[in-house]
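>>> Show me the folded form of this:
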Amino acid sequence: MLKITKNYMDIDTTTFWFWFGFVGMLVGSAIIIMKGLRLREEHRYHALISLSVTAIATISYYALARGQGEIVVNGDVVYIGRYLDWLFTTPLLLLSLLVIGLPPVQDLKMKRERMALI
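Prediction:
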């Protein structure tokens, strides 16, 4: 197992990648915020959905990097935080695809039909 020693911290490979994922998602969230603020107000919900996904993943990776959200089953470590992350982010990603794929709402009837889909 890879050991990285710096400033008296011993970090194993898995923890390193959790920290890497945390920083990556944090940077991604910041970029989405900056880009989202440039969008017209009626299109900002796309950025909000994307930000929700990356914010949830950021929190999840932070918790995993700190050693939370893991259990041992039959001697193997299971990272529950990842599954909780997927529980929330997968529907948001599917919602994002649905919103992008649907045509713009033209009238009240179309709005009701859209709400029935979502």
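
>>> what about stretch 57-70, distance to the chain center?
What separates the centre of stretch 57-70 from the centre of its chain is 12 Å, taken as CA atoms, centre = their mean, to the nearest Å.

>>> Identify the residue nearest Thr89 in space, chain neighbours excluded?
Spatial nearest neighbour of Thr89, excluding adjacent residues (CB to CB, 6 or more residues apart in numbering): Val53 at 4.8 Å. For the C-beta atoms, the positions are set from N, CA and C on the backbone; glycine is no exception.

>>> Can I take it that that neighbour is in a helix?
Yes. Secondary structure of Val53 (DSSP: H, G, I helix; E, B strand; the rest coil): part of a helix.

>>> Look at it and say how many residues are nearby.
Look at Val53: counted by other CB atoms under 10 Å, it has 22 neighbours.

>>> residues in contact with it?
Thr89, Leu92, Leu93, Ser96 (CB atoms under 8 Å, 6 or more residues apart in numbering).
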